[in-house]
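Undergrad: need a structure here:
(chains A and B)
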Amino acid sequence: MTTTTESHSRIQHFPISFFAMVMGLTGLTIGWEKAQHILHLDLGISPWLVGLSSTLFLVLAFLYATKLALYRAFVVKELRHPVKLNFFPTISISLLLLAIAFLPLAQQVSAALWTAGATLHLIFTLYVVSVWIHHDHFQVHHMNPAWFIPAVGNVLVPVAGVPLGHPEVSWFFFSVGMLFWLVLMTIIFNRVLFHQPIEERLMPTLFILIAPPAVGFIAYLRLVEELDTFARVLYYSAFFLTLLLFTQVQRFLKLGFFLSWWAYSFPLAAFSIASMLMFERTGGDFYRYLGVGMLTMLTGIILVLLANTLKAVSNRRICSPDH
Amino acid sequence: MSENQPKQSPKSGLAIGYLALSFAAGLLFVYSVGAYIPNDETAESPAPSTPKAAETAPATDAAVSPTAEPAPEAELARAQEQLEQEMATTRQRMDRLEESLVSLERDQAAAFENAHRRLAAELADLVRASRPATEEGPEAQEESAPAASLEEELAMLEPRQTPDGLRISLAESELRFAPGSADLPDGRPATLAKVAELLSERPDVRILLRGHTDSQGSATGNLELSERRALAVKTLLAASGIEETRIRAEGLGEGVPIATNETEEGRARNRRVDIYLTQP
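TA: Residues are numbered from 1 along each chain as shown, chains lettered A, B, ... in the order given. All right, here's what the predicted structure looks like:
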């Protein structure tokens, strides 16, 4: 993307998409919190997972803040980049997810994280959408599933928002998220069907398609309480998209490792949690097995992702100019 | 896949196996834990908040290592060991829940005892107060002969403290309805007379009547029938001079049986009207 040489500090190429890691790990944390709840178990892992996710977030936030302070121009470049732009809301999404993970542990921390996350997310959404509208450089091949990230974050707000006592604010974000979900879904299918296929590096982001209906389902149950028609539509949409993507698993596995692989993690966590919620509401054993099975599979995937990320960082394949 | 980044697919079979294995580990996990669910759930239902609290607290007593989350390899091998730890944890939690259940029951019993004693005291007052005025009405007279034991009789009706008020169930004693009918048995049931007297002595007490049916017939028909049963009792109470505004009648249909609907005896018990006394 740039012409900069290797001699520059790696910090300046520190990619914003690193925050997708926090999304995945926090998703995993919430998933295990939920699984222990429905299985009536206490494995004692929740505080550790929450601690790990929060620490990772703090480290990444510190690194990115350093980049902002030292290499402002590179941050601005990322903000103008048609794809990377969409990864900025992963910061606010991380905050919102941490708010959910902290909810059963420390409500005040959760409330603070939620307020910060929701506010920041609104700003990011407004910014991203206004860039979308007033663009002069977007082509159809710029459209990729990462564009869903800002939408997903909006849907995420009610999950902690309702228990923290902000139902109307939650409805606002939920509506925004649903609105953009439908619009973006249409555009992405338009691109995939009629235009160039998605570039290899961003293929895993297709998994983000699962997130809006899965997270939407979780959020909607918070807002409406009862498992009604719309909740079912959301859940089974997520179900279908998960099935669809798993039938493509051969293709995904051929890909080399990129940071965008982390995009697998969060939507799978969301679907796993949605299935466990479905079990709670319907009592159907199928959902319990599905939810926990997805969760252990996700755990396996995340371990591989962590290993690959560490390796890539130490091999200087991330934080290098073209990444 | 976990070793390096395959550009081609020779290792993708391995990767699929890995994914399938980690998914299967989850299924195994649920299956092994699931065996304990029935016991656990019955112990848990009265105290739904306890598991949450127990779960979120950093588990000091649970002897599970924080890294107990499944590792990628050897996951199945470790599952067994993990399982036993989890079983131990589950048992501990069950014990804890049972304890809390016992203490909960003790609390409830104490609350019921208090309410019962208060009611008995009030009734005794009432009986004492009504003795000079026995000429007031025929039913008062009827009652005043054994009036000394009114308190005992009301106690014999076994009022139960419920969230909706003090409940007196009439089905068991005398308010049995014939199948499909909302007609009260001939004559005035003594229990109702006692309730009516209590109500006339205590203008602050309000009453809620809930009609029920057995499971025979259609649900909608039963809903309507149960309401008619409640209204029949209301009419009777109103006839003894209780203001209708103090009496609320509603029908709950067949949904709240107190006995099995499989036998005639059980169905007869389910065709009933429950009386709730409340003090707003």
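
Undergrad: Relative to chain B, how far out is A:G153?
TA: Counting by CB to the nearest CB, to the nearest Å, the gap from A:G153 to chain B is 25 Å. The way it works is simple: take the backbone N, C-alpha and C, and place the C-beta from them, glycine included.

Undergrad: Pull out the buried positions in the helix or strand of chain A with the lowest mean pLDDT.
TA: With mean pLDDT, DSSP states H and E as the measure, the helix or strand of chain A carrying the lowest mean pLDDT is helix A:249-253 (a mean of 75). Of the residues in helix A:249-253, those scored as buried under the neighbour-count criterion (16 or more other CB atoms under 10 Å in any protein chain shown) are A:F252, A:L253.

Undergrad: Report whether that helix contacts chain B.
TA: Yes - using CB under 8 Å from any CB of the partner chain, helix A:249-253 reaches chain B at A:V249, A:Q250, A:L253.

Undergrad: Pick out whichever of these sits closest to chain B.
TA: Taking CB to the nearest CB as the measure, A:L253 is the one of the residues of helix A:249-253 next to chain B closest to chain B, at 3.9 Å.

Undergrad: The closest one contacts B:S12, correct?
TA: Yes - the pair A:L253 and B:S12 qualifies as a contact (CB atoms under 8 Å) at a distance of 3.9 Å.

Undergrad: Where does the prediction get shaky in chain A?
TA: Applying pLDDT under 70 to chain A flags the ranges A:1-9, A:136-137, A:201-202, A:256-257, A:317-323.

Undergrad: Name the residues of it found near chain B, please.
TA: Checking chain A against chain B by CB under 8 Å from any CB, the hits are A:32-33, A:36-37, A:39-49, A:104-105, A:249-250, A:253-254, A:256-257, A:285, A:288-289, A:292-297, A:299-301, A:303-304, A:307-308.

Undergrad: out of these, which are buried?
TA: Using 16+ other CB under 10 Å as the burial test, those include A:32-33, A:36-37, A:39-46, A:48-49, A:104-105, A:253, A:257, A:288-289, A:292-297, A:299-301, A:303-304, A:308 as buried.

Undergrad: what's the helix or strand for the residue in the stretch 101-250 of chain B positioned nearest to chain A?
TA: Using CB to the nearest CB, B:L101 is the residue of the stretch 101-250 of chain B that sits closest to chain A, at 14.4 Å. Here B:L101, judged by DSSP states H and E, is contained in helix B:75-130.

Undergrad: Quick one: mean pLDDT for that helix?
TA: Average pLDDT, helix B:75-130: 81.

Undergrad: From the contact counts, what lies against the least confident helix or strand of chain A?
TA: Taking 3 or more CB pairs under 8 Å, 6 or more residues apart in numbering or on different chains; DSSP states H and E as contact, the helices and strands that helix A:249-253 lies on are helix B:12-34.

Undergrad: And for the strand or helix carrying B:N222, what's in contact with it?
TA: B:N222 is part of helix B:219-239 when elements are defined by DSSP H and E. Helix B:219-239 is touched from outside by B:170, B:175, B:177, B:180, B:182-184, B:188, B:192, B:195-196, B:199, B:207, B:209-217, B:244, B:247, B:249-254, B:271-273, B:275, with contacts defined as CB atoms under 8 Å, 6 or more residues apart in numbering or on different chains.
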